[in-house]
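1. next come a sequence and a model predicted from it.
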Amino acid sequence: MELILVIIIGVIIWAYTSAKKTEREQSEQSKRRNREYYIKRTYPHAYNEYWEKPIPPASGYYGRYYSSYHVRRANGDSSDAEWENLEKLVLAQMESRRQLDLDKQWETNQNAFAADERKKSGELMPTFGHYTYSIDIETLSKKKVKLKIWQHFTFAACQESDLDYTYQQVVKNNSQNILTYRTNGFKLDEEYRNSILRFLTEIGKTKTIMVLYNTNIKHWEKDAAMKTYNESFPSDSFTMLAYQCKKWYFGDLWAGDLESAAKSLVKDEPLDRVVILDACTTNDELVENCKHAFTQLRSLRPQLTYISFNKYYNKVEMESLIAQATKDAEKRKEDERVKEEERKRREAEELAERQRKAAERKRLQATAKQVLIANSHDWELLYGDFHYTWLLYYYPITCEFEASESEWDDRYTIWNFKNDPEKGISSVNHDATLDYVIPEIKQKLVDTFGAEYLQFITLVCLPASTSAKNVARYEEFSRRLCEETEMENAFEHIFIVKDGMSKKHPNNHSGRSIQPVVEYEKDYFKGRYVLLFDDVVTKGDTMLKYKEEMEKEGAFVIGGFCLGKTKHERPFQTRILNPSVQSVFPPVSNTFNVDSELPF
């Protein structure tokens, strides 16, 4: 019994102890939950970073304090003061990271702006020079970013006197001019000023822009610098910027607090772009001015570009430019030498070819008259010893038989060749006819005389009734035929000094056709071998008349050539040519008044 009683008492004590322990644990857990909720609500950033996490080793006051022996974990046992310090630490770390991200973005934005504005500067300031630099800038977070800066400049100079400026005389002359500018200043040409204003307007259309001029120029008097800016950019020149830019500011780079001026300009908006105008810039001064602007405005992190009226090259840059200019000059000399040798070679070849052609012409000329006259005897005989030929038969519409399709084609060919607008001929149809008949005429001449002898023939087109018709009919035809055959073209040496008139012309009261009055450039025809050409031959009287005229001028008439020979009855033989040009010419009823057909 005693044992049982002891066991019961022990169980009761154990149960009581366990209950108390459980109660204490639940109370502790409740306190811990309440403490955790309080820490999470009061110090949210520290809670997320440090609740029941080992505190990492760190330098500085907070690092030393929270690495001490009695604080190894941030938990519910840490005091509010400790949690408050942790919250400050985390916020400081977050701000530091944010600043680093902004600095990195600044570097990215500047480099992107540099690429974009370089493209715009090439379009808007095409006569400017351009150089790029990378400048290290210390940010508010004590980190360095590398910012790419473009410098745009109108003139270039160099202060190095021990270099050879033979191929860089412009740089040398500009260097001399700057010595005067230092005390007297100068006025930028209107062309350059307008280019700069267009550029500023373009990059400031949707962005806030600060334009800062540099008065702190080494070896320059400040008054000379101010005079340069005032005369180069009078107040009214910025009217365009005031109306077309989003917001803009114009001031001295070195005067006062730029950050305050910028914040007053942009208020709660970002400062987007800064442009430094400089009358004269060395590379060291460019870096100094950019760093000054960035340091003053680094809390706003703007993008920057640099415009110099005069740029000083340093010695390394100038040596590189001189070397390139020397190389270019030597290449030009070599190119000129090669061109000169090529010119001489071509002249020698052309001379040899001319001599060969002259010798060949001389050889052919000895037999030209005999060959030309003898070969034309294969043509039809018109009268006496005068021979002629033609391409096709021309059947007038007065014929008593119905023309075939091919005979209508021949009529179209003749009518379109005559090129008379009064008869409804269009220039399109005339040109198409020339494309067809010229190769046929050329081939027949080559077959008759040989291609090498055509150069001795002078083509004489029998004049039309008026000067206008003569030009419309023969000028282009004779030019093209002679170019393709190398015959001499007499078109410009025959003149219609008075137009003829047809019998039905309202001003003709004679009752007969009046022929045109024609004159010749007499010395031109003497001793030439003439081929007469007419559009249509009926009896041949006109061709015989001009044969006599040419022979009076001292020419040898070797024969006649006509496009068409008038026929009223079909010959036994078939058509000489059978052109297929129907698609070029419209139907008769749409083009010609066939009832009024007369000789053209």
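-> Here it is on my side, so go on.
2. so Phe249 sits in a strand?
-> Rather than Phe, residue 249 is Tyr. Yes. The assignment for Tyr249 is a strand, going by DSSP: H, G, I helix; E, B strand; the rest coil.
3. I'd say it and Leu265 touch.
-> Yes. With contacts counted by Cβ atoms under 8 Å, Tyr249 reaches Leu265, the gap being 5.0 Å. For the C-beta atoms, the positions are set from N, CA and C on the backbone; glycine is no exception.
4. so for these two, which residues contact both of them?
-> By Cβ atoms under 8 Å, 6 or more residues apart in numbering, Tyr249 and Leu265 have these common neighbours: Met210.
5. tell me the domain boundaries of this protein?
-> 23-98, 106-313, 377-596 (automatic domain parsing).
6. per-residue confidence averaged over the longest one?
-> Confidence over domain 377-596, taken as the mean pLDDT, stands at 84.
7. off-centre distance for that domain?
-> On the basis of Cα atoms, centre = their mean, to the nearest Å, domain 377-596 sits 49 Å off its chain's mean C-alpha point.
8. how close does Lys104 get to Ser465?
-> For Lys104, the distance to Ser465 equals 90 Å [Cβ to Cβ, to the nearest Å].
9. oh, I was asking about Glu551
-> Per Cβ to Cβ, Glu551 is found 23 Å from Ser465.
10. looking at these two, which one has more neighbours?
-> The residue with more neighbours, out of Glu551 and Ser465, is Ser465; 20 against 13, by other Cβ atoms under 10 Å.
11. so who does the more buried one touch?
-> Contacts of Ser465 by Cβ under 8 Å, 6+ apart are 499-502, 515-516, 600.
12. now swap in Glu28 and tell me
-> Contacts for Glu28 (Cβ under 8 Å, 6+ apart) come out as none.
13. so it lies in a helix, does it not?
-> Yes. Counting by three-state DSSP, Glu28 falls inside a helix.
14. residues near the residue lying closest to Val170 once chain neighbours are set aside, how many?
-> Excluding the flanking residues, the one nearest Val170 by Cβ to Cβ, 6 or more residues apart in numbering is Ala156, at 7.6 Å. By the criterion of other Cβ under 10 Å, Ala156 has 20 neighbours.
15. residue closest to the middle of this protein?
-> By Cα atoms, centre = their mean, the chain has its centre lying nearest to Glu123, at 11.5 Å.
16. just how off-centre is stretch 153-169 within its chain?
-> Stretch 153-169 has its C-alpha centroid displaced from the chain centroid by 32 Å (Cα atoms, centre = their mean).
17. got the CA coordinates for it in CSV?
-> Extracted in CSV, the C-alpha atoms of stretch 153-169 (Å, rounded to 0.1, in the frame of the first residue of the first chain):
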residue,chain,number,x,y,z
PHE,A,153,34.6,71.7,-81.5
THR,A,154,34.7,74.1,-84.4
PHE,A,155,38.5,74.8,-84.6
ALA,A,156,41.6,72.9,-83.4
ALA,A,157,44.9,74.2,-82.2
CYS,A,158,48.0,72.9,-80.4
GLN,A,159,50.4,74.5,-78.0
GLU,A,160,53.3,72.2,-78.9
SER,A,161,55.9,74.2,-80.8
ASP,A,162,58.4,71.4,-81.6
LEU,A,163,56.2,69.5,-84.0
ASP,A,164,56.1,69.5,-87.8
TYR,A,165,52.9,71.1,-88.9
THR,A,166,53.5,70.8,-92.7
TYR,A,167,50.3,68.8,-93.2
GLN,A,168,48.4,70.5,-90.4
GLN,A,169,48.7,74.2,-91.3
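18. for that stretch, buried residues please.
-> 153-158, 160, 163, 165, 167-168 (16 or more other Cβ atoms under 10 Å).
19. now tell me what touches that stretch from outside.
-> 127-131, 170-172, 174-175, 177-178, 188-189, 192, 280-282, 307-315, 318-319, 321-322, 325-326, 328-329.
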